[in-house]
Every structure is written in structure tokens, then in C-alpha cells.
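Asks: what follows is a predicted protein model with its sequence.
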Amino acid sequence: MADQKRAGNGGRAGFPAPPEWLIGGLRPAPAPIPWPAVARAAIALAAPLAVGLATGHGAYGALASMGALSGVIGDTADAYRMRVFNIAVPQLFGAIGVTVGNQVFGHGWLAVGALTLIALVSGMISSIGAVASVSGLLLLLNAVVGAGLPMPGPWWKAPLLLSLGGLFVLLLSLLAWPLRRTEPERDAVAGTYRAAADAIEAAASDTYDTRRQAVTHSLNTTYDLVLGRRAREHGRRGELVRLSAQLNVVIPIVEAAPAVHLRGWGVDPAFPAAVRELADAVAEGRTGPAVPELPAPATPAERALDSAVRHAFAVVHHPDPDQTNIDDRLGRPAALRIRLRRATRNVLLSGASWRYGLRLALCIGLAQALVSVVPVERSYWVALTIVFVLKPDFGSVFARALMRAIGTAGGLLIAAAVLSEVPRGWWDVPALMVLAALIPAFSAKGYAFQTAAITPVILLLSDMLNHQGFDLVLPRLTDSLIGCAIALVAGYVLWPESWHTRVGARLADAVVATAEYVEYAFGSEADRAERVRRRRRLYRDLSTVRSEFQRALTEPPPMGARAAAWWPLVVAVERVVDATTAARVRVNHGAPWPAAGEVAEIAGELRELAQGVRRSPTPVGVRACLAGDDEGVLAPLRQEVQAARAITTHPN
């Protein structure tokens, strides 16, 4: 029996199995290889080096390739507008960083103070959003490189070369823009229809929750793409208006999916087939008369789905954009000046922003002070390791430190083979082309794999600047281990918020928002648009909570264990929101209106649940008895609330 248990846990006799939070980071993610990004990376990094060698300035080419490396790392968006922001804006911060770093190169304690201050600024601005996060990363990254490696003079040459390399990546990314300017947004809308079809098809299966999460993620991403672009182009371009209308009419289909799921026995296959037909029409830009072949609906859930699909057919196939259905269900992005003012206020007044900035500054300051006192060859690698490990939006600091060490070891094996066998000079160009192509391919598989791909590229380019060859390999492993140790101690252990999870408080906020949504959903018939906005906002918040929990699950005990204890309640709250949406859909299509007292009682139970979540470090089950008609429209919602209240921890 013991052997069976040990085998089931994945360990061999006499050897305990490694913990899940460790092996999870070493398990390659089932993501497809982005072949266009692979091709861009190979060309973007190899071409500048080839130009530099051809003109007799190999060091210049290596610097431009380093700039291209930062552009490749930031080239993660599909929409062209987002590519411009993700690549071009961080290049400006990177140029500032390398300029400051170059000015303090070789100045000892002045360099320590300058890099510590830059780390504080970098950490604080990283909390604004995705583009600011990459900008903060590149600001500090290039400052560390500029302070650790000799740069060609005059002072403006290094930032110019680095920026040209990054902008070359942007140029390659935008080559197809004249022909495909709206294709990423159109593909995203079509993908949302396909995700909705998958959820409807899985309504009676165990995979429904996974499919519904995919729909939520797709809606969030697609609204950000389409509406963000419309805000810049004043919302009246024909193609974008059409896409906005097509995206908005998928909302009733998405709302009908929970009602079909709670019905329990699925729907006729003609419904998901019709939604997939809509996806094809959106992707291909087809218009013209079209009527779906659907069976006659018999229940409120079927009537809701039938009505939603037929309305979507009318909008998607209409030859002219529907100007009456282009409002943003969540609110269009504010003007740029307003967003800048909000971001500045949040950075300066946010406790979390200051804590992360101070945390990063402490680690960088310690690293630079250490290498100033103790001779460490090419010491910039210590600080580089800390920069990558301590990124707050990249996941668990503890797990990333371990993955960084493991990935660096793997990358150094590749680098050792390249530096020992490939002659310096023109042979570096094809070698760099192959290594660069691995970066987007490996990045899709996980952080350890990304580190293993980036490490040999940086070492190869560094060798073009300092000509140390194979002697670079072993010092880099030592530097990485030192950086990981500093990040773990000064960036993790010394900060209780790192290992005392607050995910319970975030979940409590989501439960309170769920109670408010229940009250609003059955408060009146008025303002359907506001009800849709609230539902979408709640689903987005729950998606964020789920992501935070999944990140916390990768932490070692006690944080990972506490997050695991709360995880069933996260799923239960999502089911409560689904049940509320389904009940409202049934009311809209013929079911009787629930009693006001019944709605108030359910909302009260949810608020009591939120209070319990805030008070207790672990879930404590509470038996809830909600009275009501077992055949009424709120019966499934009462069952889900009772199930959420009953969740408790398993005894150890």
C-alpha cells in the first residue's frame, strides 16, 4: 500500500516526490509555438550583429542586438496598436536607464546609490500596468548593464544603438500592418464566439467551468483590444464599429450559457454549430442575409439562447455597421491625460507601490554594495538576476528564484557549447539566429525555459563586448546563485506580505460585489446596460482573483497551503455568479419574478460569508438554510449559496 501511495505521488522508493509548487514551474505549458515571433526574433537579433561585423564595428552590432532582445521580450501582443506601446515606450525608458548607468560606470558607491534610486523608481512605476511594467524592467535592466559593462563613447551612442535594435523589432512586427491592420481585432472577436460555442456545447459536461473561464478571458482581452483602439480613433471607423457591435451581441449568448448549464441536460448541437458559423462569418468578414437553422425552444433557457443567436445573426450578417449597438459594456477608456493623472496619483499614494519599490531598491542596493566590497567578476549579472526574479507581475518570487537558478544552469550548458565550439566572428551570426529563435518558442513553455533561452544569447552578446569566451560561463552561474539568494532573503523572507497571503481579503471583496450584483439583477427592470456592465465587471474581478490564487498556489507553505484551502470557495463564488446570471435570463424569457425577501436573504447570506472570509485565516463551514420555492427561479442560486457557505477545510 505504501509503495502504491508513493508511486501515485510520483516518487521512487526511498525518495519523496518533489512538491507540486516546484515541479509545476518545470512542467512545460501546453502552448503552441508562435512561429511568426520565432522568425522575427531570429532576424531581429542576427541582422544588427551582421551589419556591425560587416562595417567593422562588431561591438556596435552587439549593442543593437541587445536592444533587439528587449524588443523581442516585449513583443507579446497581437494587435498592432499594442505592439507599438509594448515595444516603443519601454525603449525610451531603456535609453534613459543605459545613459544613467553609463555615467556612473566605475564610480563605486555613486553607482550603488544611482542604481538603488533607479530600482525604487522602476519598482513603483511597474505597478501601473503592463506597458509600465516592461518599461520599469527595461529602465533598471539597461541601467545595470550600463553600470556594469564599458560602453562605446560618446555618451549618446549606447542608448541610440539599443533603441535602434528595439525599434527594428517593432518595424518587423508592423510589416504586415497595411494588409492586416484590423485582423487581430477581428480574429479576437471571432475567437470569443468560438469560446462561447464551446461553453454552450459543454453545458452538460464536467468541462463547463473551464470553458466558461475561457469565455471570460476572451471577452476581457477582446474588449481591451477593440475598445481601446476605438477610443484612439474616436469610435467611428466602419470596421471598428462593426466589430464593436458584433462583440456586444455575443453578450446575450454568453449570458444564456449558464442558464443552459443549470438546465442540466444540454442543448441541441445546432446551437453551438450556429455560434461557430457566426465566428466564421466574423473572421471572414462575410455579410448578407442568413438565418440560423435552430430547433423550436421549449424552456426559458432555450428561448434565451434562441433569441440571442438569432439577434447575433442579424447583426453579424448586416451589410452596414450597427450604429445603435456600439456602446462599451464596461465604459470606454478615459482620455490619456486622465489616465496619466490617475496613474501618477496611484504610484505616489499607493502603499503597495512604495513597498515594492523599496523592496526592489533594497535588493539592488545590497547586490551593488556586495560586489563593490567583494571582487565579483562582471558583477552586473547579480543585479540582472534580481531584476528578473523580483518582477511582481511575473508570479511567485520564491518559485521564480528557483526557476531562474535552474533555467540559468540549463542556459549555461548551451552557452558553454556555443562559446567553446563556435569561432568568434561571422560564425556568431548563424549561432545567434538559432539561439534567438528559441526565445519566443521557449517563453511560451514557462519561465525556466525562457531563462534557459535568454541566458546563452546574453552571454554571446556580452562576449562580443568583453571577449572572454568560455571564461564567462562559470562566473555567470555563481552570480545567478548570489542574485537568487539576495532576492529570496531581502525580497521575500524579510517581507511578511510575501508569505502571509491576503488572497482571502481579495476574495471577500469579490463576495460583497456578488451580493450587490444579486440585488441589482432582481432590483428592477430598468437599465439593462448597467446590469450587463456590473456582470462583466464582476466576472473580470473574479478572473483577477482566480489569477492571484493560482499565483499563490505556487508559493511554498504556509502561503500555498492557505491559498489551496480557499480555492474551493473561489470556484463556488464563480458558480454563484453563474446561477444569478442564469436566473435573470430565465426571468427575461418568461419565468416568474422572485420575491424581494428571497433576494434580500440570499444577498445577506453572501455578505455574512464575506465577513467570515475576512475574519478567518482558513475557511470555516457554516450551515445555511435558505427558504424558498424549490421550483422557483432562484432555487439553483440558493443551492449554490448554501454550497459556498458549507465549504470548510479538510482535516490534516
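Replies: All right, it came through fine.

Asks: sec struct for the residue nearest to residue 109 when sequence neighbours are not counted, please.
Replies: Here the nearest residue to residue 109 in space, its sequence neighbours aside, is residue 372; by Cβ to Cβ, 6 or more residues apart in numbering that works out to 6.6 Å. Just so you know, the C-beta spots here come from the backbone N, C-alpha and C atoms, and that holds for glycine as well. State at residue 372, reduced to three classes by DSSP: H, G, I helix; E, B strand; the rest coil: helix.

Asks: same check on residue 172?
Replies: Residue 172 is classified as helix under three-state DSSP.

Asks: now it: how far from residue 166?
Replies: Taking Cβ to Cβ, to the nearest Å as the measure, residue 172 and residue 166 are separated by 11 Å.

Asks: higher neighbour count, these two?
Replies: In this view residue 172 and residue 166 are compared by other Cβ atoms under 10 Å, and residue 166 has more residues nearby, 29 against 21.

Asks: per-residue confidence averaged over the longest helix that the chain contains?
Replies: Scanning the chain for the longest helix, with DSSP state H as the assignment, gives helix 559-588. What helix 559-588 shows for mean pLDDT is 86.

Asks: which helices and strands sit right next to that helix?
Replies: Helices and strands in packing contact with helix 559-588 are listed as helix 208-232, helix 251-263, helix 300-316, helix 503-521, helix 528-552, helix 596-615, helix 635-646; criterion 3 or more Cβ pairs under 8 Å, 6 or more residues apart in numbering; DSSP states H and E.

Asks: residue 161 is nearest to which of these?
Replies: When the helices and strands packed on helix 559-588 are compared for distance to residue 161 using Cβ to Cβ, the nearest one is helix 208-232, at 30.6 Å.

Asks: can you name the element that comes right after that closest one?
Replies: Along the chain past helix 208-232, the next helix or strand (assigned with DSSP states H and E) turns out to be helix 238-248.

Asks: only C-alpha atoms, please: export that following helix in PDB.
Replies: In PDB, the C-alpha atoms belonging to helix 238-248 read as follows (Å, rounded to 0.1, in the frame of the first residue of the first chain):
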ATOM      1  CA  GLY A 238     -16.700  51.500 -40.100                       C
ATOM      2  CA  GLU A 239     -14.700  48.300 -39.400                       C
ATOM      3  CA  LEU A 240     -14.200  49.000 -35.800                       C
ATOM      4  CA  VAL A 241     -17.800  50.000 -35.300                       C
ATOM      5  CA  ARG A 242     -18.800  46.700 -36.900                       C
ATOM      6  CA  LEU A 243     -16.500  44.700 -34.600                       C
ATOM      7  CA  SER A 244     -17.900  46.600 -31.500                       C
ATOM      8  CA  ALA A 245     -21.400  45.700 -32.500                       C
ATOM      9  CA  GLN A 246     -20.500  42.100 -33.200                       C
ATOM     10  CA  LEU A 247     -18.800  41.800 -29.900                       C
ATOM     11  CA  ASN A 248     -21.700  43.300 -28.000                       C
END
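
Asks: what sits against the residue nearest to residue 109?
Replies: Residues touching residue 372, when contacts are defined by Cβ atoms under 8 Å, 6 or more residues apart in numbering, comprise 108, 109, 111, 112.

Asks: buried ones among these?
Replies: Under a neighbour-count criterion of 16 or more other Cβ atoms under 10 Å, the subset of those counted as buried comprises 111, 112.

Asks: kindly indicate which of the contacts of residue 372 lies nearest residue 506.
Replies: Compare each of the contacts of residue 372 with residue 506 using Cβ to Cβ and the shortest gap goes to residue 112, at 36.5 Å.

Asks: quick one: average confidence on the helix or strand residue 345 falls within?
Replies: Remark: residue 345 resides in helix 336-349, with elements defined by DSSP H and E. Confidence over helix 336-349 (mean pLDDT, whole number) is 70.

Asks: ok, now stretch 531-540?
Replies: Averaging the model's pLDDT scores along stretch 531-540 yields 82.

Asks: so which bits of that stretch are buried?
Replies: Taking 16+ other Cβ under 10 Å as the basis for neighbour counts, the residues of stretch 531-540 that come out buried are 531, 532, 533, 534, 535, 536, 538, 539, 540.

Asks: closest one of those to residue 98?
Replies: Proximity of these to residue 98 was ranked by Cβ to Cβ; the top entry is residue 540 with 37.0 Å.

Asks: distance of the closest one relative to residue 603?
Replies: Looking at residue 540 against residue 603, where the rule is Cβ to Cβ, the gap reads 21 Å.

Asks: that older thread, deepest of the helices and strands packed on helix 559-588, which one?
Replies: For the helices and strands packed on helix 559-588, average neighbour numbers computed from mean count of other Cβ atoms under 10 Å are highest in helix 251-263, which has a mean of 25.

Asks: show me what it packs onto, helices and strands only.
Replies: Counting contacts by 3+ Cβ pairs under 8 Å, 6+ apart, helix 251-263 packs against helix 183-201, helix 208-232, helix 300-316, helix 528-552, helix 559-588.

Asks: so what touches whichever helix or strand comes after that helix?
Replies: Moving toward the C-terminus from helix 251-263, the next helix or strand (DSSP H and E) is helix 270-284. Residues outside helix 270-284 that contact it (Cβ under 8 Å, 6+ apart) are 186-187, 189-191, 193-194, 196-198, 200-201, 243, 246, 253, 286-287, 290, 292-295, 305-306, 309, 312-313, 316-317.

Asks: give the ChimeraX command for selecting the buried subset of those.
Replies: Buried members of the contacts of helix 270-284 can be picked out in ChimeraX with the line below, counting by 16+ other Cβ under 10 Å:
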select :186,187,189,190,191,193,194,196,197,198,200,201,243,246,253,292,294,305,306,309,312,313,316,317
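
Asks: gap between residue 288 and residue 52?
Replies: Taking Cβ to Cβ as the criterion, residue 288 is separated from residue 52 by 55 Å.

Asks: okay, those two: which has more neighbours?
Replies: Here residue 288 and residue 52 are set side by side on neighbour count (other Cβ under 10 Å), and the busier one is residue 52, at 21 against 8.

Asks: isn't the more buried one up against residue 66?
Replies: No - Residue 52 sits out of contact with residue 66 when judged by Cβ atoms under 8 Å, with a separation of 11.4 Å.

Asks: where does the stretch 251-400 of the chain dip in pLDDT?
Replies: 321-340, 376-379, 391-397 (pLDDT under 70).

Asks: sticking with the residue lying closest to residue 55 once chain neighbours are set aside, tell me its helix or strand.
Replies: Using Cβ to Cβ, 6+ apart and skipping residues adjacent in sequence, the residue nearest residue 55 is residue 61, 8.0 Å away. Following DSSP H and E, one finds residue 61 within helix 58-74.

Asks: re earlier: out of the buried residues of stretch 531-540, flag the one nearest to residue 400.
Replies: Proximity of the buried residues of stretch 531-540 to residue 400, judged by Cβ to Cβ, is greatest for residue 540, which lies at 25.6 Å.

Asks: now the closest one. Nearest residue, chain neighbours left out?
Replies: Counting by Cβ to Cβ, 6+ apart, residue 220 is the residue found nearest to residue 540 once chain neighbours are left out, at 5.5 Å.

Asks: one step back: now the longest helix of the chain: how far from the chain's centre is it?
Replies: A distance of 21 Å separates the centroid of the chain from that of helix 559-588, by Cα atoms, centre = their mean, to the nearest Å.

Asks: also stretch 126-142?
Replies: Averaged over its C-alpha atoms, stretch 126-142 has a centre that lies 15 Å from its chain's centre (Cα atoms, centre = their mean).

Asks: what's the mean pLDDT across it?
Replies: Across stretch 126-142, the average pLDDT comes to 84.
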